[in-house]
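1. what would the 3D arrangement of this be:
(2 chains)
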There are 2 protein chains.
Amino acid sequence: MAKHIMEGFDRFLPYNDAIHIFDSIKWRYPNSEDTGINSSLNRISYTDVYSDYDIPEFNKSAVDGYAVISGDIISASINNPAVLKIRGCSEAGEKFSGKIGRNECIEVYTGSEIPDGADAVVKVEDTEKHGNCIHVYSPVKRDNVFKKGEDIYAGYKIVGRNEKISPQHIAAMASAGINNIYVYKKIMIGIISTGNELANKKIANSTGILLKNYYNNHFTETMDGGIYGDNTDDIITGIKNIIDACDIIIVTGGTSLGRKDKTTDAISSTGEMLFSGIAIKPGRTAALFDVNSKPVISVSGLPVAALISSLIFINRYIKNLYSFDYYSKITGILDENIHNKIGFTLFQICRTYVKGNKVHILPLKTTGSGILSTIIYGNSIAMVPENLEGIENNKDVTVYMLGDIKWD
Amino acid sequence: MAKHIMEGFDRFLPYNDAIHIFDSIKWRYPNSEDTGINSSLNRISYTDVYSDYDIPEFNKSAVDGYAVISGDIISASINNPAVLKIRGCSEAGEKFSGKIGRNECIEVYTGSEIPDGADAVVKVEDTEKHGNCIHVYSPVKRDNVFKKGEDIYAGYKIVGRNEKISPQHIAAMASAGINNIYVYKKIMIGIISTGNELANKKIANSTGILLKNYYNNHFTETMDGGIYGDNTDDIITGIKNIIDACDIIIVTGGTSLGRKDKTTDAISSTGEMLFSGIAIKPGRTAALFDVNSKPVISVSGLPVAALISSLIFINRYIKNLYSFDYYSKITGILDENIHNKIGFTLFQICRTYVKGNKVHILPLKTTGSGILSTIIYGNSIAMVPENLEGIENNKDVTVYMLGDIKWD
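-> Got it, this is the predicted structure:
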């Protein structure tokens, strides 16, 4: 009695072993490139960026009013106002050229340089003007001076290596006279879709479309590697066509247990298979190959499985390169139990939402890894390790966001 | 004794009144445009999008194995296996052309259409092949059929009006044969920078650069309206140059209490001033104008004040148009007290971070609205209404995110 064996998987590699193998390879990571700060938004900085200057570059007025010597008004009161002579005016961004003397003041505006000799600014609304003098009725409570280097001092680290560049970073770099910054090149992900049913246009390539849009963002970009039928030579050609231009390739389809197609043979003939079959749900049929020191990830043709199993390795690639996660994370309260089959690492699709000032996480029932509607209604993934039978409701859990948090 | 009055503000309008006035104007909102689904990522849908089809379009196998009539194997056991004749094979995405009879089966793959007559699929690993027959040793526990319409049924709403379009939405639209979608046009925000100190290049235009980058995203785009000195005619020309091409204009600078410049005069001469001065911190010098039924927002030249006071109205504009907030929000535990001056609505810069499975919110001390480093280290804003003296630590608060949540 011969056991029926279709082309299959002998065993499923534990998730941690798969990650360990992935991390052990010296992948050929992308280089950096020099870019103008105006093109750097949301890119990842390749270097620490320090300010060469103090910002502000000089002591500035923080209000509109009169720059004074604080000692001149220290005993000013309603009955005994200090009387100060207006010596001149300092425009915003400019400086009065002379020096202020005792019982003198200079009209200043927000951003004006504080004149030499002055140490405080009286707000205009706390003064009265009488001809060429002002009367001041109380000492200054605060000096209203925005001090040299108070915002960013010379040597301040404006952007750290591996940080995502924000609008705030760009504004600060501009203030510090920095025009260019080294950023990582975007990671180029090639997407090759396989399957006779796609090549014959019998069904829409929803998995390829999902991956293409998901990986088109600030960190990664995608290259369409084409659609091929279940034909080894065609798939080999497809991989060879784009491997030089890509940092990573995802090949969808042809991974199912009994599938007669030739995806694995094709990728194996272009490089080395590292493993095939991982103990994860969904996505257990994923395989990893090293082709010219670039990861080629073979994933299911079903959209949810393809997204999750590719994300695992692409996140790891980014974590090794940038030291942070591709996706954003959030913690919240689990609404319902999650059940897991021991031995498999579960990636549970959840809906993460805020209600009554708390972040809630609702695991969604899924009937298959082809269910797009689950990842439309759901927006996040909770991970359950292989040694746990699940997670109980009301526990705090951390989820990885696939979309925006909902407000119910 | 004449009270010294520089050109100023008689009073500060309460925040809620400012919002009420903003909402009462019939602004000329942008129209929709038809776009291919492949260009629709992160755009805002103008319409509800329904599927015309069931997805899957037919009953599909969820596994690799054999399609059977479940009644034929209901009493199968180890000692008394059901023996089924293999009638043929149904490729993925295809269908066996004949009809299955009693004690027959069809070889199927994940995604194959279930042949007529079959109602379940036995996994290949639960069978043994003997020549042209399979032996089955137990009834099916589940039918392993991915049912017609189980993912998305005909009439299912794939994307809702005013929803942000995700990669998942695009994949589902592709599956449903939808190629185009109506989306809102991006909101075009013109940015005009004023101030002699900028026009003379004495200081970097960090505020303009901050706004330009902040408002360049999926919902809004920006147009550089130029830098002008404190000259009424030049600023009028600047506004007239871009008002037709923009939906909103932000004018930075020239709002400070005693500033001698002419921004307000310039904007007033092109449209109607709705109010000037709002009881908010920072950003109290902001003013709102209606120019050709488009909001023109005059804001401080200081970056933090300019960002916060423009965000208030641009968020409101988006909320009126799309019914959701421009920024994302999150709730967390306040680490320290926030103090507020009664009568002013405070927008407190905070650092929002996750530690020990909890979202924490740390209010940052700021010494002025020009402090860029505060919004580099900080990433969020807590709002304190004008009638509250503050918020106590350990309370749950909701913050508006300016950047990514930190993981400390």
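2. any buried residues in the strand or helix carrying residue A:250, and which?
-> Residue A:250 belongs to strand A:248-252 when assigned by DSSP states H and E. Neighbour-count burial for strand A:248-252 flags A:248, A:249, A:250, A:251, A:252 (criterion: 16 or more other C-beta atoms under 10 Å in any protein chain shown). From N, CA and C alone the C-beta is placed, and that goes for glycine too.
3. just stretch A:96-106 next, same as before
-> A:96, A:100, A:104, A:105, A:106.
4. leaving aside the residues next to it on the chain, what's closest to the third one?
-> It refers to residue A:104. residue A:87 (4.7 Å; C-beta to C-beta, 6 or more residues apart in numbering or on different chains).
5. give me phi/psi at the one you found?
-> phi -80, psi -20 (degrees, to the nearest 10).
6. where do the strands of the stretch 1-150 of chain A begin and end?
-> A:32-36, A:49-50, A:60-61, A:65-68, A:82-90, A:104-108, A:120-123, A:127-130, A:133-136, A:145-146 (DSSP state E, counting those that start in this stretch).
7. adding mean pLDDT and distance to residue B:238, write the ones you listed out as TSV.
-> Listed next are these as TSV, based on pLDDT from 0 to 100; distance: least, C-beta to C-beta, whole Å:
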stretch	mean pLDDT	distance to residue B:238
strand A:32-36	96	24
strand A:49-50	98	32
strand A:60-61	88	26
strand A:65-68	94	29
strand A:82-90	92	26
strand A:104-108	93	27
strand A:120-123	93	30
strand A:127-130	92	33
strand A:133-136	96	35
strand A:145-146	90	28
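8. determine which stretch of those is the most buried.
-> strand A:65-68 (a mean of 29; mean count of other C-beta atoms under 10 Å in any protein chain shown).
9. what about it, distance to the chain center?
-> Distance of strand A:65-68 from the chain centroid (C-alpha atoms, centre = their mean, to the nearest Å) equals 45 Å.
10. ok, then the element right after whichever strand or helix holds residue A:207?
-> Per DSSP H and E, residue A:207 falls inside helix A:206-214. Note on helix A:206-214: by DSSP H and E, the next helix or strand toward the C-terminus is strand A:220-228.
11. now the angle from that following strand to helix A:206-214?
-> Calculated by axes from the mean of the first three to the mean of the last three C-alpha atoms, to 10 degrees, strand A:220-228 forms an angle of 160 degrees with helix A:206-214.
12. what does strand A:220-228 contact?
-> For strand A:220-228, the external contacting residues (C-beta atoms under 8 Å, 6 or more residues apart in numbering or on different chains) are A:186-195, A:198-199, A:205, A:208, A:211-212, A:215-216, A:234-235, A:238-239, A:241-242, A:245-246, A:249, A:314, A:326.
13. cool, stretch A:150-157 as well?
-> Where contact means C-beta under 8 Å, 6+ apart, the residues beyond stretch A:150-157 that reach it are A:48-56, A:158, A:172, A:175-176, B:367-368, B:370-373.
14. my read: residue A:96 touches residue A:105, true?
-> No. Look at residue A:96 against residue A:105 with C-beta atoms under 8 Å: they stay out of range, at 10.3 Å.
15. relative to strand A:248-252, how tilted is the helix holding residue A:207?
-> 150 degrees.
16. chain center to helix A:206-214, what's the gap?
-> Per C-alpha atoms, centre = their mean, the centroid offset for helix A:206-214 relative to its chain is 20 Å.
17. go on, stretch A:190-205?
-> 31 Å.
18. buried residues in that stretch?
-> Of all the residues in stretch A:190-205, those buried under the rule 16+ other C-beta under 10 Å are A:190-199, A:202-205.
19. I'd like the average pLDDT over that stretch.
-> Averaging pLDDT along stretch A:190-205 yields 88.
20. same question, stretch A:151-169
-> Mean pLDDT, computed over stretch A:151-169, is 94.
21. ok so, going back, and of the buried residues of stretch A:96-106, the nearest to residue A:264?
-> The closest of those to residue A:264 turns out to be residue A:96 (C-beta to C-beta; 77.9 Å).
22. ok, the closest one - contacts?
-> Counting by C-beta under 8 Å, 6+ apart, residue A:96 makes contact with A:67, A:87, A:88, A:89, A:90, A:106, A:113, A:115.
23. now for those residues, which pair is the farthest apart?
-> Pairwise distances across the contacts of residue A:96 peak at 14.6 Å for A:87 and A:113 (criterion: C-beta to C-beta).
24. for chain A, what's the longest helix?
-> Secondary structure of chain A per DSSP state H: the longest helix is helix A:303-322.
25. next, the angle helix A:206-214 makes with that helix.
-> Using the same axes, to 10 degrees: helix A:303-322 against helix A:206-214 is 30 degrees.
26. what are the buried residues along helix A:303-322?
-> Those would be A:303-318, A:321-322, for helix A:303-322 by 16+ other C-beta under 10 Å.
27. in the stretch 151-300 of chain A, what residue is nearest chain B?
-> Nearest residue of the stretch 151-300 of chain A to chain B (C-beta to the nearest C-beta) works out as residue A:197 at 2.4 Å.
28. next, the distance between the ends of stretch A:290-306.
-> 18 Å (C-alpha to C-alpha, to the nearest Å).
29. quick one: buried residues of that stretch?
-> A:290-291, A:294-306.
30. out of the residues you listed, which touch chain B?
-> A:301, A:302, A:303 (C-beta under 8 Å from any C-beta of the partner chain).
31. what's the nearest residue to the first one if we skip its chain neighbours?
-> If the residues on either side of it in the chain are set aside, residue A:301 comes closest to residue A:253, at 3.6 Å by C-beta to C-beta, 6+ apart.
32. any idea how far the lengthiest strand in chain A is from the chain center?
-> As assigned by DSSP state E, the longest strand anywhere in chain A is strand A:345-355. From the chain centre to the centre of strand A:345-355 is a distance of 20 Å (C-alpha atoms, centre = their mean).
33. can you tell me the strand partners of the following helix or strand past it and which way each runs?
-> Using DSSP H and E, the next helix or strand after strand A:345-355 towards the C-terminus is strand A:358-363. If you go by DSSP bridges, strand A:358-363 pairs up with strand A:329-334 (parallel), strand A:345-355 (antiparallel).
34. pick the most deeply packed of those strands.
-> Mean neighbour counts were taken over these using mean count of other C-beta under 10 Å, and the top value, a mean of 22, falls to strand A:345-355.
35. show the average pLDDT along that one.
-> The model assigns strand A:345-355 a mean pLDDT of 95.
36. same question, stretch A:397-408
-> pLDDT averaged over stretch A:397-408 gives 89.
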